[in-house]
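Enquirer: sequence first, predicted coordinates after that:
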Amino acid sequence: MTPSNGYRTVSDRRFLGVVVPSVFLQEEGIDAVLDALESVQASAVCLSPTTSVVQAEGEGVRFPDLHVDGHQRVLERRIAGRDQLYLVSSLAYTPEAALYRAGPYMPPSGVSSSEAAPQSIVHDAATSARARGMTVHLQLNPLMPPGLRTEDLPVAVDESHPRAPQVARLGCINNPDVNAYAAALAADTLRAFDMLDGLVIDWAEFPAYRLDELTTCFCAHCAETARVAGIDWPRVKGDVHAVWDRLHTLSSHDLARVRRAVGSASGLLELLALYPGLVDFVRFKALSVEAFFQSMARVVRSSARPSVGLTARGWAPPWNRVSGFDVRRLAQICDAVAPKLFSFDYAAIPRWYGQPLREWNPALPEDELIRTLLACMDLIETPSRTVLEDFQIPRPDEKHPVDSAAYRRRIAELLDQVSGRSACHPIAHAYGPLHDWEETLRTLARTDVDGIWVQMYGYLGDEKLRVLADTWK
Ligand SMILES: [Zn+2]
């Protein structure tokens, strides 16, 4: 479909957006970055409302981010001659503190003002991109307020909070204090950047990188949300707890049963009939995320720029079922949904899920456990990955464990769920070998998606830019 707010260009070439962290605007200059985007005929750019200053090693945050243990992941476009470095980021605008007074969370105190990181650079880049005919989007992380309190973190079924290190440390999506910050952040951003075409909302879902995260959230706010929705919360909690306990006593036979359920409607129905609360848990997560995006849409509609588009960025199938990122619901609220097709993740997630299962069930054959995890995640088996330790975030030249058939299945599922109610713009991740990148783009080009986002400029070396220009039509 063609949304009304200009998400598709006048040439009707399919949407192509590129995520550009500010540090590249600072390093290469606004014009050089926008020239590169024009060379691939990008129709949109996604910026961050921050700027960054390079630090000594170990001070600040590693860039690209570690993603728990991705020490091998490095940039293709170097910054200050380096393919990995440490940054401290600060806001690229002066926040309006009064907007945040509905809750305890305030915006970050630091505002960029140095020569290396001028406050105006994001504003200037946005204005220049629009002058070149691109739509301009800003990415926000609304569930990550500065100084997130422990009591506002999600609560797992065993009453614990997710442990560090995490890929993203999120507040609970049903927590009113976190939501007050989220609404203030969106309103503040719309106020500070009056040329925006869209907001891209990231990490607004339940966490799903690890097994314990899948059992969140059982905080008091989530219990109340479930009660209002008429969900039998004690049954949900009882069944999630029963499955959690069962995962501590697995046998080979159980693994075979799970693999059979993955491929058989009858087997799957049997499991769900045993634990009916799981279905309500999935539904509860989806309606929680839906309510959050409805609140974001209200902020946009009540702003001075009510036509600003909303893009929901989140997990792809099958993880979106357990993260609550139900694109069928979100497509009715947002202008676009942008599921993350991050194939480098597929190389590590089986280990992140599998390690605790192995610790709880040391007698389980490791190869059977791996086969079961891969079946549940619709990932291919690769001969080079036979033990959990083999599942790591890949080196830059290492092939990702993806086959195009599984990729197409994920896209088909997404398109069915979106069903034309919004634009569907999956996010293709550019990290990895050139051949993988070309395959990914070719596969996506053959589907009916409305366009793609590319994550991110720092992984787009000159050859990858050329492939993007040649392949994405
Ligand atoms: Zn909660």
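Expert: Done, it's in.
Enquirer: buried ones in stretch 183-203, by neighbour count?
Expert: By 16 or more other C-beta atoms under 10 Å, the buried positions in stretch 183-203 come out as 183-190, 192-193, 196-203. From N, CA and C alone the C-beta is placed, and that goes for glycine too.
Enquirer: next step: these restricted to helices.
Expert: 183-190, 192 (DSSP state H).
Enquirer: ok, of those residues, which one's closest to the ion?
Expert: Nearest to the ion among these is residue 183, at 17.3 Å by C-beta to the ion.
Enquirer: residues in contact with the closest one?
Expert: For residue 183, the contacting residues are 102, 295-296, 299, by C-beta atoms under 8 Å, 6 or more residues apart in numbering.
Enquirer: so what does whatever helix or strand residue 284 lives in touch, helix or strand wise?
Expert: Residue 284 is located in helix 277-301, with elements delineated by DSSP states H and E. Judged by 3 or more C-beta pairs under 8 Å, 6 or more residues apart in numbering; DSSP states H and E, helix 277-301 is in contact with helix 176-192, strand 198-202, helix 220-228, helix 233-246, strand 309-315, helix 319-323, helix 327-330.
Enquirer: nearest approach to residue 129 belongs to which of these?
Expert: strand 198-202 (12.1 Å; C-beta to C-beta).
Enquirer: got the CA positions of the helix or strand just after that closest one in PDB?
Expert: Remark: after strand 198-202, the chain's next helix or strand is helix 211-214, criterion DSSP H and E. Provided in PDB are the C-alpha atoms of helix 211-214 (Å, rounded to 0.1, in the frame of the first residue of the first chain):
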ATOM      1  CA  LEU A 211      14.900 -17.500  28.400                       C
ATOM      2  CA  ASP A 212      14.300 -15.700  31.600                       C
ATOM      3  CA  GLU A 213      13.300 -12.600  29.700                       C
ATOM      4  CA  LEU A 214      10.600 -14.600  27.900                       C
END
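Enquirer: isn't residue 171 right next to residue 142, touching?
Expert: No. Applying C-beta atoms under 8 Å as the test, residue 171 and residue 142 come out as separate, 9.0 Å apart.
Enquirer: what is in contact with the two at once?
Expert: Listed contacts common to residue 171 and residue 142 are residue 181; contacts here mean C-beta under 8 Å, 6+ apart.
Enquirer: isn't there a helix covering residue 449?
Expert: No. According to DSSP: H, G, I helix; E, B strand; the rest coil, residue 449 belongs to no helix; its state is coil.
Enquirer: contacts only, for it.
Expert: 14, 411, 414-415, 424-426.
Enquirer: and with 10 Å instead?
Expert: Counting by C-beta atoms under 10 Å, 6 or more residues apart in numbering, residue 449 makes contact with 14-15, 339, 411, 414-415, 418, 423-426, 428.
Enquirer: next one: residue 207
Expert: 143, 153-154, 156, 162, 166-170, 172-173, 213-214, 216-217, 315, 322-323.
Enquirer: try 6 Å
Expert: Contacts of residue 207 were listed using C-beta atoms under 6 Å, 6 or more residues apart in numbering, and they are 170, 213.
Enquirer: now the stretch 51-200 of the chain against the ion: closest residue?
Expert: residue 172 (3.3 Å).
Enquirer: and that residue, what pLDDT?
Expert: Note on residue 172: pLDDT of 98.
Enquirer: that one: which element?
Expert: Counting by DSSP H and E, there is no helix or strand that carries residue 172.
Enquirer: that one and residue 220 touch, don't they?
Expert: No. Counting by C-beta atoms under 6 Å, residue 172 sits too far from residue 220 to count as a contact (9.8 Å).
Enquirer: okay, the two: which has more neighbours?
Expert: Counted by other C-beta atoms under 10 Å, residue 172 and residue 220 do not tie: residue 172 has more neighbours, with 27 against 12.
Enquirer: okay, residue 32 and residue 457: tell me how far apart.
Expert: Residue 32 sits 11 Å away from residue 457, taking C-beta to C-beta, to the nearest Å as the criterion.
Enquirer: what about residue 279, how many residues nearby?
Expert: Here the count is done by other C-beta under 10 Å, and residue 279 has 13 residues near it.
Enquirer: got the contact list for the nearest residue to residue 394 once chain neighbours are set aside?
Expert: Excluding its sequence neighbours, the residue lying closest to residue 394 (C-beta to C-beta, 6 or more residues apart in numbering) is residue 347, at 5.1 Å. Residue 347 sits next to 394, 400-401 when contact means C-beta under 6 Å, 6+ apart.
Enquirer: again, but for residue 139
Expert: By C-beta under 6 Å, 6+ apart, residue 139 lies in contact with 46, 48, 200, 202.
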